[in-house]
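[1] Any chance you could fold what I've pasted below:
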Amino acid sequence: MENQNKMIKAHLEKGKRLTSLEALDLFGCFRLSARISELKTSGYHIEKTMIELPSGKKVAEYYKP
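    All right, here's what the predicted structure looks like:
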């Protein structure tokens, strides 16, 4: 989990956005919301927006403001 948090933080620091499907593909992270919660608890500021996929499904997309 610690390593996933570092990879997710580095990804967001580059100005990139991240959804749970991308996190699974890039980092093998099945529980992105839990990793985001851990990062927020440690003082890292992360925002979330809901986006609609071409399929019509809505998912959370995380980013660093």
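[2] sec struct for His11, please.
    helix (DSSP: H, G, I helix; E, B strand; the rest coil).
[3] I'd guessed it sits against Leu32; true?
    No: using Cβ atoms under 8 Å, His11 is not in contact with Leu32; the gap is 10.9 Å. Bear in mind the C-beta positions are built from the backbone N, C-alpha and C, glycine included.
[4] Identify the contacts common to those two.
    Leu18 (Cβ atoms under 8 Å, 6 or more residues apart in numbering).
[5] Any stretches of this structure with poor pLDDT?
    1 (pLDDT under 70).
[6] ranges for the strands of it?
    All strands of the chain, identified by DSSP state E, fall at 18-19, 47-52, 58-63.
[7] so can I have CSV of these showing mean neighbour count?
    Supplementary listing: these in CSV, determined by neighbours: other Cβ atoms under 10 Å:
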stretch, mean neighbour count
strand 18-19, 18
strand 47-52, 10
strand 58-63, 15
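[8] partner residues bridging Tyr62?
    Leu18, Lys48 (DSSP bridges).
[9] which residues sit in contact with the residue lying closest to Ile8 once chain neighbours are set aside?
    Nearest non-adjacent residue to Ile8, counting by Cβ to Cβ, 6 or more residues apart in numbering: Arg35, 5.5 Å away. Arg35 is in contact with 1, 4-5, 8, 23, 29, counting by Cβ under 8 Å, 6+ apart.
[10] What about Leu39, how many residues nearby?
    Residue neighbour count, defined by other Cβ atoms under 10 Å, stands at 19 for Leu39.
[11] Could you do the one 5 residues further on as well?
    When counting by other Cβ under 10 Å, one arrives at 15 neighbours for Tyr44.
[12] Quick one: residues contacting it.
    Per Cβ under 8 Å, 6+ apart, neighbours of Tyr44: Lys9.
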